[in-house]
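>>> Sequence plus the predicted model coming up.
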Amino acid sequence: MVTIKELDAFEVLDSRGNPTICAKVILSDGSVGSAIVPSGASTGKREALELRDKDESRFLGKGVLRACANITEVISREIMGMEAYRQTSIDDVLKSVDNTENYNKLGANATLGVSMALARASAHSLNIPLFKYLGGINAATLPVPMLNIINGGSHANNTIDFQEYMIMPLGFDCFKRALRASVEVYHKLRVILDSKGFSTSIGDEGGFAPNLKNNEEPIVLILDAIQKAGYKPKEEFGIALDIAGSELYNNGIYHLKGENLKLDSKELVSYYQKLTEKYPIVSIEDGLSEDDWNGWTYLTEKLGNKIQLVGDDLFVTNAAILRKGISQNVANAILIKPNQIGTITQTLETIRLAQANGYKTVISHRSGESEDNFIADLSVAVNAGEIKTGAPARGERNAKYNRLLELRHQNKLLAYNAKTLFK
């Protein structure tokens, strides 16, 4: 029996230069797994707790020494000697040791670090790829990338209200070809922005962050880039938006400061309807606030049969909240971020629930990322169909794309079903 022999944890830096946890699990057969936990900037208020030291003398209070100590001093005592391959049982122990709703004692960054590292160590022990360890023989599909190529909102210091403008390569039969086309569009967009005198500096997720006159102009520029790169909007590329509606919401009103607009839920839904009629938009994420459930019901009634409506802050990868959404017919897709919920087992539970009820699943990075490529394997393991991991720029974003390219190279039977994703 292969057991957990040792746990370790230490601070490393994420892509924004903030500290985060690197957790390490060592098994009795010598297998080692490590994992770096990501961190979000735009976060839902119901997310599991990311434990920070709040010691202003270190990293402006953002240190994670307490969370590291929880791994080496608390969690290690509870799971040392347990059978390594029992991922669900060990994750259940992490949850019971914390014994709070959202990991308020140990920190979800501590528990997720251990959970991810354990999965990786177990995969190494069995000498199989991580995606096969997590998904078994059912893991068969490479995801369609959602590439955030223009940043706004809390991801960039500019005048754009919406947080992300993404391209989705839907008209291709091969992941490698789809990614190549996306990269070409991204570089063409840089040329277009530069020719118009706009900034080509990039935001947290690698997308460009120009100051534009309204929230529609980024779509126009992206469509121009698609065409100038030699591709066809709608037929080969769809547009996806992450509104981050909770960031715009105050006292029942949505404030689009870049356009000097104040809209209620129905008015904002009407705004989206006009955009979707005018442009090849296939997906809108967090179109409304996490607290605006009545608005979400209306949004789903109006657009749920036409485009993908993704809940991120709304669901925070939480199965209990997703069940509420299913019962109320709210949204039709869920963003999956493991650090919102705390363990890989809970993440998989939410994914299974979504898929069993016809909700699409989108595996997602965070704005504070690292070279860790765990989510690439996860997306294939669960046949998610979609992955969000930023623009094809910055090493922490390309680490995920490169892992998917590696999986595609090593596993020729993995499918890319982009053309059937949105019918």
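Structure received. Numbering: from 1, shown residues only.

>>> what about stretch 69-84, distance to the chain center?
28 Å (C-alpha atoms, centre = their mean, to the nearest Å).

>>> Let me fix that, I meant to ask about stretch 402-410.
19 Å.

>>> Show me what counts as buried in it.
403, 404, 405, 407, 408 (16 or more other C-beta atoms under 10 Å). Bear in mind the C-beta positions are built from the backbone N, C-alpha and C, glycine included.

>>> nearest residue to the last one other than its sequence neighbours?
Distances taken as C-beta to C-beta, 6 or more residues apart in numbering place residue 175 nearest to residue 408, at 5.1 Å, with adjacent residues excluded.

>>> Quick check, that neighbour in contact with residue 404.
Yes - taking C-beta atoms under 8 Å as the definition, residue 175 is a contact partner of residue 404 at 6.4 Å.

>>> Tell me the residues that contact both of these two, please.
Jointly contacting residue 175 and residue 404 under the rule C-beta atoms under 8 Å, 6 or more residues apart in numbering are residue 142.

>>> For the closest residue to residue 185 other than its chain neighbours, the count of nearby residues, please.
Nearest in space to residue 185, with sequence neighbours left out and distances taken as C-beta to C-beta, 6+ apart, is residue 229 at 4.6 Å. For residue 229, the count of nearby residues is 20 (other C-beta atoms under 10 Å).

>>> Just the pLDDT for residue 229.
Note on residue 229: pLDDT of 98.

>>> residues contacting it?
181, 184, 185, 187, 188.

>>> buried residues in the helix or strand residue 299 falls within?
Using DSSP states H and E, residue 299 sits in helix 293-303. For helix 293-303, the neighbour count (16+ other C-beta under 10 Å) marks 295, 296, 297, 298, 299, 300, 302, 303 as buried.

>>> Could you dump these into CSV and include distance to residue 57 and pLDDT?
Listed next are those as CSV, based on distance: C-beta to C-beta, whole Å; pLDDT from 0 to 100:
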residue, distance to residue 57, pLDDT
295, 43, 98
296, 43, 98
297, 48, 98
298, 49, 98
299, 46, 98
300, 48, 98
302, 51, 98
303, 49, 98
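
>>> what's around the residue nearest to residue 408, how many residues?
23.

>>> Residue 307 too?
21.

>>> coming back round to it: which of the buried residues of stretch 402-410 sits closest to residue 223?
Residue 223 lies nearest to residue 404 out of the buried residues of stretch 402-410, by C-beta to C-beta, at 25.5 Å.

>>> Touching, residue 44 and residue 291? I think so.
No - if you go by C-beta under 8 Å, residue 44 and residue 291 don't touch, sitting 10.2 Å apart.

>>> With neighbour numbers in mind, choose between these two.
residue 44 (21 against 16).

>>> In terms of pLDDT, where does the residue nearest to residue 408 sit?
97.

>>> Could you pull up the residues touching it?
Counting by C-beta under 8 Å, 6+ apart, residue 175 has contacts 142, 404, 405, 408, 414, 416.

>>> Try it again at 7 Å.
142, 404, 408, 416 (C-beta atoms under 7 Å, 6 or more residues apart in numbering).

>>> Adding pLDDT and secondary structure, write the residues you listed out as TSV.
Converted to TSV, the contacts of residue 175 look like this (pLDDT from 0 to 100; DSSP: H, G, I helix; E, B strand; the rest coil):
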residue	pLDDT	secondary structure
142	98	coil
404	98	helix
408	97	helix
416	97	coil
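
>>> Those: which two are farthest apart?
Largest pairwise distance in the contacts of residue 175, by C-beta to C-beta, is 9.9 Å, between 404 and 416.

>>> what's the overlap in contacts for those two?
142, 175.

>>> just the strands in the stretch 51-200 of the chain please.
144-151, 164-169 (DSSP state E, counting those that start in this stretch).

>>> looking at the ones you listed, which is closest to residue 374?
strand 144-151 (16.3 Å).

>>> So which elements touch that closest one?
strand 164-169, helix 175-195, helix 217-228, strand 385-388 (3 or more C-beta pairs under 7 Å, 6 or more residues apart in numbering; DSSP states H and E).

>>> Got the domain ranges for the protein?
Domain ranges of the chain: 3-127, 141-420, per the TED database.

>>> can I get the ones you listed in CSV with distance to residue 134?
As requested, the domains of the chain are exported to CSV (distance: least, C-beta to C-beta, whole Å):
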stretch, distance to residue 134
domain 3-127, 6
domain 141-420, 4
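
>>> and stretch 391-398, average pLDDT?
Stretch 391-398 comes out at a mean pLDDT of 97.
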